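**Student:** I would like the atomic coordinates for the input below:
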Amino acid sequence: MFYKVKGISKKTGLGTVYCVLRTKTGDRVSETVKTTGVTVNPAHFNTKTGKVSQRDTLYIEKNERIHTVGAGMEAVARDLDWSGIVPTKQTVERGIQQNAELPAVFDAVRAARIRIHEDQRATLLLDIQELEAQLSAKRTTLEKLEIGLGIRAKPLQLSKLIDQYKAMKAAQDVKPGTLKNFTVLNNIVARYDSQALLTDMGLDWFNAFQTHLVKRGVTNKSILEVMGKLKTVFRHYANKHNISTGFLADFVPVKDGAANDVLFLTADQLAELEALDIPAANVGQIDVRRQFLFAVETGLRRSDYQVSESNIKGDELVVITTKTGKVASIPFTQKARQLFADANHNFRLIKETQFNQTLRIICKKLASMQDDVTNYSYVGGATKEETLPRWQWMTSHVARKTYAHNALSRGASATAVAEWLAHKSTAMLDKHYSNRKELARQEAYKVL
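**Tutor:** Numbers count the residues shown, from 1 in each chain. Prediction:
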């Protein structure tokens with residue numbers, strides 16, 4: 001079916017819409033044309049769809065009329081085809097005339113034919129339902145077989161849910177470090193039970209998993225981080241699948257012992273590090289030392305070293321931290337400015353493992369870094385002790401802790417230092433960044 005606008009008036013610009021039914025007999029094509037009685041502006045009519053646009057105020061009524069005429073012509077053509085009569089221009093026009101003259105007869109014939117086809121349709125629908133039921137049963141059998149062969153993941157498989165949770169967080173533009181933590185979590189869970197299901201995770205499962213980590217020698221601090229992230233994922237999907245999380249109230253996590261004295265560098269150690277002669281050809285060591293000393297002056301994490309001149313706002317260095325997304329406004333010292341200038345206002349990105357390895361190579365050459373330092377960690381209910389030369393404990397984070405210690409020992413408030421470090425509160429500063437014994441000793445000299 002297609003449409004034409006004919007007899008356009010020069011006075012009004014309106015033409016009459018005609019429905020055109022095209023039929024084909026052998027190689028011969030014929031067209032049956034019937035007026036709809038609808039007049040339109042040709043610019044307001046689509047001859048392909050037969051629709052009058054909304055620019056015509058009577059478009060609803062006109063579209064209904066055009067549809068009625070077109071549907072009637074198509075119905076006549078179907079009636080002829082069902083009766084074994086070839087729908088040509090002559091037979092269609094005769095059928096349209098007879099339909100107009102004997103509407104009740106044609107309606108009865110059409111209704112009878114529709115009932116026959118509806119019966120056929122109902123039978124086919126029943127056949128389809130039966131086939132779909134058989135297909136569903138076959139798919140269930142195949143799924144069980146593939147799960148047994150390890151080809152398909154089990155439903156609600158924990159490792160898959162952790163991946164989904166990570167993908168959800170990535171879509172929320174979460175920091176890369178957080179996403180990496182969920183990758184680590186998945187590796188740890190897979191090592192323990194790669195086929196674990198969400199429905200398996202009751203109190204016994206959590207206790208057994210935590211015991212497994214303790215037996216592996218994982219420190220309590222790391223275990224608490226792992227269990228915290230695991231509980232977050234479990235709660236998220238348990239709530240979605242109506243699985244109870246009440247047992248978590250009875251789960252008893254391991255306890256972490258008191259923190260070590262925080263490792264920081266004294267003024268003498270920093271002076272020796274800065275004075276160390278490093279050959280000009282050893283660009284890597286020069287860059288690492290310069291970046292480390294810059295962090296001692298600014299307290300930046302290694303991931304935030306890539307600052308530019310646009311970050312310098314008067315006497316402050318303003319950085320949006322990569323780990324937390326928090327804005328840190330840090331006093332920009334003359335020493336920091338000089339180190340930044342020495343690097344041509346650009347610190348190249350060095351991977352963390354490479355940075356720490358190079359830093360230890362440098363510090364191994366310093367006489368003040370040869371004393372032994374003992375680190376205490378806690379595994380289950382036991383204390384683990386490890387003693388190494390100071391240089392072997394050196395990482396980029398020691399610079400950040402040195403910055404915090406220096407600021408506190410010079411009288412800066414904990415609130416100010418936490419703000420410069422882009423911490424949410426002073427709790428992290430007190431637990432991980434302040435050497436309380438050394439600060440107390442310095443305070444004693446001032447007071448006593």
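**Student:** touching, F292 and R360? I think so.
**Tutor:** No. Using CB atoms under 8 Å, F292 makes no contact with R360, being 11.3 Å away. Just so you know, the C-beta spots here come from the backbone N, C-alpha and C atoms, and that holds for glycine as well.
**Student:** who's more crowded, these two?
**Tutor:** Using other CB atoms under 10 Å, the more surrounded residue of F292 and R360 is F292, with 27 against 17.
**Student:** leaving out chain neighbours, which residue sits closest to that one?
**Tutor:** A399 (5.0 Å; CB to CB, 6 or more residues apart in numbering).
**Student:** okay, now the domains of this structure?
**Tutor:** Domain segmentation of the chain under automatic domain parsing yields 2-101, 158-250, 267-447.
**Student:** switch these over to a markdown table; also include distance to I151.
**Tutor:** Below are the domains of the chain laid out as a markdown table (distance: least, CB to CB, whole Å):
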| stretch | distance to I151 |
| --- | --- |
| domain 2-101 | 49 |
| domain 158-250 | 13 |
| domain 267-447 | 36 |
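**Student:** quick revisit: is it true that the residue nearest to F292 touches R290?
**Tutor:** No. In this structure, A399 is not within contact of R290 by CB under 8 Å, at 11.3 Å.
**Student:** between these two, which has more neighbouring residues?
**Tutor:** The neighbour count for A399 versus R290, taken as other CB under 10 Å, is higher for A399 (26 against 17).
**Student:** can you give me the helices in the stretch 301-448 of the chain?
**Tutor:** 334-342, 352-363, 396-409, 414-420, 427-432, 436-447 (DSSP state H, counting those that start in this stretch).
**Student:** most tightly packed of those helices?
**Tutor:** Neighbour counts (mean count of other CB atoms under 10 Å) averaged over each of the helices of the stretch 301-448 of the chain peak at helix 396-409, with a mean of 22.
**Student:** so for this structure, the centremost residue is which one?
**Tutor:** A171 (2.2 Å; CA atoms, centre = their mean).
**Student:** out of the domains of the chain, which is closest to E132?
**Tutor:** domain 158-250 (25.5 Å; CB to CB).
**Student:** how long is the closest one from one end to the other?
**Tutor:** 21 Å (CA to CA, to the nearest Å).
**Student:** and it, average pLDDT?
**Tutor:** Across domain 158-250, the average pLDDT comes to 90.
**Student:** need the helices of the stretch 301-448 of the chain in CSV (columns: mean pLDDT and distance to Q129).
**Tutor:** Shown next, in CSV, are the helices of the stretch 301-448 of the chain (pLDDT from 0 to 100; distance: least, CB to CB, whole Å):
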stretch, mean pLDDT, distance to Q129
helix 334-342, 95, 74
helix 352-363, 95, 60
helix 396-409, 90, 65
helix 414-420, 87, 66
helix 427-432, 69, 62
helix 436-447, 62, 74
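**Student:** now render the ones you listed as JSON lines, adding distance to F45.
**Tutor:** What follows is the helices of the stretch 301-448 of the chain, written out as JSON lines (distance: least, CB to CB, whole Å):
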{"stretch": "helix 334-342", "distance to F45": "71"}
{"stretch": "helix 352-363", "distance to F45": "69"}
{"stretch": "helix 396-409", "distance to F45": "73"}
{"stretch": "helix 414-420", "distance to F45": "69"}
{"stretch": "helix 427-432", "distance to F45": "71"}
{"stretch": "helix 436-447", "distance to F45": "86"}
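**Student:** wait, which of the ones you listed is closest to R216?
**Tutor:** helix 352-363 (21.9 Å).
**Student:** now do that closest one against helix 396-409, angle only.
**Tutor:** 70 degrees (axes from the mean of the first three to the mean of the last three CA atoms, to 10 degrees).
**Student:** other residues contacting helix 352-363?
**Tutor:** Helix 352-363 is contacted from outside by 273, 276, 278, 284-285, 288-289, 291-292, 302, 350, 369, 390-392, 394-396, using CB atoms under 8 Å, 6 or more residues apart in numbering.
**Student:** buried ones only from those residues, please, as a ChimeraX command.
**Tutor:** Filtering those down to the buried ones (16 or more other CB atoms under 10 Å) takes a single ChimeraX command:
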select :273,284,285,288,289,291,292,302,350,369,390,391,394,395,396
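**Student:** among the contacts of helix 352-363, which are in strands?
**Tutor:** Nothing among those maps onto strands, per DSSP state E.
**Student:** which among the helices of the stretch 301-448 of the chain is found nearest to V319?
**Tutor:** That would be, of those and by CB to CB, helix 414-420, which comes in at 10.3 Å.
**Student:** quick one: buried residues of stretch 232-244?
**Tutor:** Buried positions in stretch 232-244, judged by neighbour count with 16+ other CB under 10 Å: 233-234, 237-238.
**Student:** wait, which of those is closest to H423?
**Tutor:** V233 (25.6 Å).
**Student:** and the helix or strand hosting that closest one, what does it pack against?
**Tutor:** Using DSSP states H and E, V233 maps to helix 220-240. For helix 220-240, the elements it packs on are helix 158-171, helix 176-193, helix 203-215, strand 372-379, judged by 3 or more CB pairs under 8 Å, 6 or more residues apart in numbering; DSSP states H and E.
**Student:** possible to save the ones you listed as TSV with distance to D81?
**Tutor:** What follows is those, written out as TSV (distance: least, CB to CB, whole Å):
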stretch	distance to D81
helix 158-171	54
helix 176-193	63
helix 203-215	68
strand 372-379	85
